[in-house]
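Student: Let me see the structure of the following:
(one chain, ligands or ions: 1)
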Amino acid sequence: MKNIALFGATGSIGRSTLDVVKTIDGFRVLAISGHKNLKLLHEQSMLFRPRWVILTDENAAKDWNFELPVGSELCVGMKALTQIAAESDVDIVVSAIVGRAGLESTIAAAQAGKRIALANKESLVAGGALVKQIASETGAEIIPVDSEHSAIFQSLQAGKRKELERVILTASGGPFFRLPEKDLKNVTLDQALKHPTWNMGAKVTLDSATLMNKALEIIEAKWLFDLDMTRRELEVMIHPQSIVHSMVEFHDGAVIAQMSPPDMRLPIQNALTYPERVSGGPTKRTNWSIDQTLEFFAPDYSKSKFDALKLGLETASLAGTAGVVLNAANEMAVTAFTRGELRFDEIVPRVRKTVEEHDFRQNPTLEELTALDEKIRKDFR
Ligand SMILES: NC(=O)c1ccc[n+]([C@@H]2O[C@H](COP(=O)([O-])OP(=O)(O)OC[C@H]3O[C@@H](n4cnc5c(N)ncnc54)[C@H](OP(=O)(O)O)[C@@H]3O)[C@@H](O)[C@H]2O)c1
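Tutor: Okay, the predicted model is just below:
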């Protein structure tokens, strides 16, 4: 039996993780966290009876008036995440908080040498060098949950790391792939929240619409797989069907892809059970008795609608403080868009401007990253 601490249980990845745990054997939920959704956190507590129920938002905790099952303890505040990540009974930390808020608990899990099922891509975007360094010192395993990175992780097992030619990161293209560039300025929040193939939380859905999600994933892939960006070890291809979740090309020209229906529960399950593959999980199978069409388009980098991809490639090459700035500026720009303070087509240029104008440093400490993250958010208008 493996014990899971699920951070971000009330979110889209968190709920999918609980679906997986319900349907496969061998996993117990030892801790769950939620931020504002008290009702769902309570329902999940009643169902899974975890030892620790963490409510990270201290203000929301004032409204908590639920009974917990016998044996469950309520813990309040972000600090509880870092403490529980280090508990000796915890085997796997599922890092499924959205945004930069997931960084400290991911670092705590790395420091404690745990298996980290990593959905929170922002923690690698902001602190990739640190997280990787800590994990290499403690032996913590980082198993990607993001479907593209899970696909790369799985495909890489067909060869040796030194035989890798390149990684081909696929992108659905989001809802506006076929929209003329001139119409992007009129995109509304409702339109941006409708993803053609994936059902996800609001922030990652908006990031998918601007393609900033792919920028974050480029940086995430660089850190996860130690990719050399100057040797172009990463390419992006638009694949609107979201069936091929990414590919790996080896030196002999062989390309290995991982395919499955667009459902996050499979990569989550793989991150929990790796190196085993188990049956009985909740993901539907591909229907091989009907015709299938898989398309791939190379992004046209001369078009401004693909600027997020260019920015992701540049930021991954720069490393240092560029990632934390890109991430903070993006979180602020997305929030501004949701409030009607920024147009959809202004998001990526604002993020680019912030990255280009910041005071770049190559080897920041965690304290420096945190200070810079706060400064970017404070100065953002
Ligand atoms: N959804 C997907 O299919 C998908 C796919 C690939 C990668 N990811 C990545 O997985 C992560 C989670 O995405 P999601 O779509 O599951 O997000 P989501 O549905 O918005 O859920 C976010 C979770 O984080 C909690 N949370 C929000 N703000 C927080 C804060 N400041 N401190 C602590 N906890 C906080 C939320 O709690 P409350 O709801 O209780 O407020 C919720 O449990 C993101 O990094 C995303 O990029 C998601």
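
Student: give me the number of residues near the residue in the stretch 151-300 of the chain positioned nearest to the ligand?
Tutor: At 2.4 Å from the ligand, residue 201 is the closest residue in the stretch 151-300 of the chain, using C-beta to the nearest ligand atom. Placement of C-beta: from N, CA and C, glycine included. Counted with other C-beta atoms under 10 Å, the neighbours of residue 201 add up to 17.

Student: now do the one 10 residues further on
Tutor: Other residues within reach of residue 211 by the criterion other C-beta under 10 Å amount to 29.

Student: pretty sure it is in contact with residue 308, am I right?
Tutor: Yes: the pair residue 211 / residue 308 is scored as a contact, 3.8 Å apart, by C-beta atoms under 8 Å.

Student: got any residues that touch both of the two?
Tutor: Common contacts of residue 211 and residue 308 (C-beta atoms under 8 Å, 6 or more residues apart in numbering): residue 348.

Student: can you give me the strands in the protein?
Tutor: Per DSSP state E, the chain carries strands over the ranges 2-7, 27-34, 52-55, 73-76, 92-95, 115-118, 141-144, 164-171, 234-238, 244-250, 255-259.

Student: Mean neighbour count, distance to residue 313 and mean pLDDT added to the ones you listed, as JSON lines?
Tutor: JSON lines is the format used below for those (neighbours: other C-beta atoms under 10 Å; distance: least, C-beta to C-beta, whole Å; pLDDT from 0 to 100):
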{"stretch": "strand 2-7", "mean neighbour count": "24", "distance to residue 313": "30", "mean pLDDT": "98"}
{"stretch": "strand 27-34", "mean neighbour count": "24", "distance to residue 313": "33", "mean pLDDT": "98"}
{"stretch": "strand 52-55", "mean neighbour count": "25", "distance to residue 313": "37", "mean pLDDT": "98"}
{"stretch": "strand 73-76", "mean neighbour count": "16", "distance to residue 313": "40", "mean pLDDT": "98"}
{"stretch": "strand 92-95", "mean neighbour count": "29", "distance to residue 313": "25", "mean pLDDT": "98"}
{"stretch": "strand 115-118", "mean neighbour count": "26", "distance to residue 313": "21", "mean pLDDT": "98"}
{"stretch": "strand 141-144", "mean neighbour count": "22", "distance to residue 313": "19", "mean pLDDT": "98"}
{"stretch": "strand 164-171", "mean neighbour count": "22", "distance to residue 313": "10", "mean pLDDT": "98"}
{"stretch": "strand 234-238", "mean neighbour count": "20", "distance to residue 313": "7", "mean pLDDT": "98"}
{"stretch": "strand 244-250", "mean neighbour count": "22", "distance to residue 313": "16", "mean pLDDT": "98"}
{"stretch": "strand 255-259", "mean neighbour count": "17", "distance to residue 313": "20", "mean pLDDT": "98"}
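
Student: do stretch 3-17 and the ligand meet?
Tutor: Yes: residues of stretch 3-17 are located near the ligand by C-beta under 6 Å from any ligand atom, namely 8, 9, 10, 11, 12, 13, 14.

Student: Could you single out the nearest of those residues to the ligand?
Tutor: Taking C-beta to the nearest ligand atom as the measure, the ligand lies nearest residue 11 of the residues of stretch 3-17 next to the ligand, at 1.9 Å.

Student: what residues are up against that closest one?
Tutor: Residues in contact with residue 11 (C-beta under 8 Å, 6+ apart) are 96, 97, 98, 201.

Student: which of these sit farthest apart?
Tutor: 97 and 201 (10.4 Å; C-beta to C-beta).

Student: How about the residues of the chain by the ligand?
Tutor: Contact residues, the chain versus the ligand (C-beta under 6 Å from any ligand atom): 8-14, 34-37, 56, 96-98, 101, 119-122, 146, 198, 200-204, 264.

Student: Residue 235: what's it in contact with?
Tutor: Neighbour list for residue 235: 166, 167, 168, 169 [criterion: C-beta under 8 Å, 6+ apart].
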